[in-house]
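Asks: Based on what follows, work out the 3D shape:
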Amino acid sequence: MRVTLVLFTTLLCSAASGAQPDAAALQAKAQALLLGTFDNAAQVAKAPPGAEQPVPHVTVKIESTPQRDFSLWHVRIQTDPESTFEQTWAMQTRIEYDGSGALIPYYQLHQDSVPTAAAFDVKGWLSLEACALRGTFAPTRLQGMAEGEPCVAVAMSVGARRALLPVGFAREGGWLHVDMNLRGVRTRIDAIQSR
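Replies: Just a heads-up that it's a prediction; the model follows:
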């Protein structure tokens with residue numbers, strides 16, 4: 001009986017330790033794949049003129065922070081030449097127990113200036129776990145989407161900034177596709193990596 005218990009414990013520990021490096025490696029690859037500056041100028045240029053809901057010009061700059069599992073997403077939306085809105089979100093990259101991936105957004109309660117990656121400290125940020133972008137993380141493609149109702153309920157506390165909160169994303173090749181709720185309409189932003 002004792003030998004069986006020791007053998008079972010050894011196998012369990014081996015399995016657990018074998019899974020950890022894979023999750024850590026996938027998380028590191030996901031973090032590296034996210035980084036860059038993305039711009040949807042080409043999408044805006046191709047949009048039909050006179051549309052009732054024109055596609056806004058969006059840039060997303062994603063940079064790493066000293067905390068390995070966090071990145072900062074600087075989102076800038078220009079709806080017309082006189083109207084530009086900016087918001088920075090912290091996104092935590094996480095590999096879930098079932099091997100799927102998630103980006104958990106965080107926000108600063110009072111964001112009076114643009115946060116810098118070098119000075120990032122998660123203690124000054126609040127989690128929006130209900131708006132987690134959950135999906136599939138592969139070595140060359142990441143994708144995820146937030147659940148509708150729980151995210152809407154939680155995002156109300158963020159105020160008008162929620163329009164700049166990504167509620168879906170896909171990162172592959174040179175592209176970052178981001179879904180946002182702009183003017184109450186789910187809008188797909190197709191941004192290409194500019195640097």
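Asks: close enough to count as contact, Ala47 and Pro56?
Replies: No - under the criterion of C-beta atoms under 8 Å, Ala47 makes no contact with Pro56, lying 9.8 Å away. Just so you know, the C-beta spots here come from the backbone N, C-alpha and C atoms, and that holds for glycine as well.
Asks: These two: which has the busier surroundings?
Replies: Pro56 (22 against 14; other C-beta atoms under 10 Å).
Asks: Can you give me the pLDDT of that one?
Replies: With respect to pLDDT, Pro56 has a value of 92.
Asks: Repeat that for the one 4 residues further on.
Replies: At Val60, the predicted lDDT confidence score is 98.
Asks: Then Val185?
Replies: For Val185, pLDDT reads 82.
Asks: How about the contacts made by it?
Replies: Gln53 (C-beta atoms under 8 Å, 6 or more residues apart in numbering).
Asks: distance of it from Val167?
Replies: Note on Val185: its distance to Val167, by C-beta to C-beta, to the nearest Å, is 12 Å.
Asks: now swap in Lys123 and tell me
Replies: 26 Å.
Asks: try Gly174
Replies: 22 Å.
Asks: hey, where'd the helices end up in the chain?
Replies: Taking DSSP state H as the criterion, the chain carries its helices at 2-34, 41-46, 148-155.
Asks: which stretch in these has the least confidence?
Replies: helix 2-34 (a mean of 62).
Asks: More neighbours: which of Gly174 and Val167?
Replies: More crowded of Gly174 and Val167, by other C-beta under 10 Å: Val167, with 22 against 11.
Asks: in its sheet, what does the longest strand along the chain sit against?
Replies: In the chain, taking DSSP state E as the definition, the longest strand is strand 83-95. Here strand 83-95 is paired, per DSSP bridges, with strand 70-80 (antiparallel), strand 101-107 (antiparallel).
Asks: Name the residues of the longest one that come out as buried.
Replies: Put plainly, it is strand 70-80. Along strand 70-80, these residues count as buried under the neighbour rule (16 or more other C-beta atoms under 10 Å): 70-77, 79.
Asks: and of the residues you listed, the nearest to Leu26?
Replies: Ser71 (15.3 Å; C-beta to C-beta).
Asks: and the gap between that closest one and Gln27?
Replies: Here the distance between Ser71 and Gln27 works out to 12 Å (C-beta to C-beta).
Asks: intersection of neighbour lists for those two?
Replies: Common neighbours of Ser71 and Gln27 (C-beta under 8 Å, 6+ apart) are Thr93.
Asks: Report the separation between the closest residue to Gly135 other than its chain neighbours and Ala170.
Replies: Nearest residue to Gly135, sequence neighbours excluded (C-beta to C-beta, 6 or more residues apart in numbering): Gly144, at 3.3 Å. According to C-beta to C-beta, Gly144 and Ala170 sit 8 Å apart.
Asks: same thing with Trp89?
Replies: In terms of C-beta to C-beta, Trp89 sits 17 Å off from Ala170.
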